[in-house]
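Novice: Below are the sequence and a predicted model for it; my questions follow.
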Amino acid sequence: MKRFLPDVNTLLALLDPMHVHHEAAHRWYASQSPLQLILCSHVENGVIRVASQPNYPNCLGTSSRVRDGLREFVQKVKAASCEKDVSLLDGEVLLQAGSLTPSRVSDLYLLALAAANNARFATFDTRIPAATVAGGPAALETIPVS
């Protein structure tokens with residue numbers, strides 16, 4: 001069974017019917033079936049933070065409500081937790097430290113985390129420098145938006 005670690009935007013797209021990539025996320029999800037989602041606290045907390053902000057275009061409610069909805073989704077799809085953790089301080093994880101920029105910290109961390117957990121990092125972002133992390137090119141799953 002294929003295993004995928006979604007980024008915050010991908011998980012939001014799966015959860016939020018008004019998300020700009022909601023349909024693309026569901027097409028991708030269906031095309032990969034059967035699959036297992038794996039999650040980490042970084043992504044879970046990010047979804048709660050973003051989806052509960054009043055300025056999010058389709059605010060899904062209070063942080064508590066978003067948390068409850070996310071918990072229901074996790075149970076419904078039988079998502080698992082990442083078993084292994086990684087650190088971008090590790091030179092065997094981050095192969096090209098010069099490529100690390102503030103805007104790429106989360107993406108590179110999640111890509112490395114997916115690789116360490118024998119999963120693919122599911123994202124809409126086409127600009128991630130996958131070769132920057134060990135196993136990155138094989139672990140990157142870019143979801144088509146059209």
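Specialist: Alright, I've got the coordinates. Numbers count the residues shown, from 1 in each chain.

Novice: Who does T142 form a beta bridge with?
Specialist: When bridges are called by DSSP bridges, T142 pairs up with T123.

Novice: For the protein, which segments count as strands?
Specialist: Taking DSSP state E as the criterion, the chain contains strands spanning 2-6, 35-39, 80-81, 120-123, 140-142.

Novice: In JSON lines: the ones you listed, plus distance to S103.
Specialist: Placement of C-beta: from N, CA and C, glycine included. Below are those laid out as JSON lines (distance: least, Cβ to Cβ, whole Å):
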{"stretch": "strand 2-6", "distance to S103": "19"}
{"stretch": "strand 35-39", "distance to S103": "22"}
{"stretch": "strand 80-81", "distance to S103": "26"}
{"stretch": "strand 120-123", "distance to S103": "14"}
{"stretch": "strand 140-142", "distance to S103": "17"}
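
Novice: Pick the most deeply packed of those.
Specialist: strand 120-123 (a mean of 25; mean count of other Cβ atoms under 10 Å).
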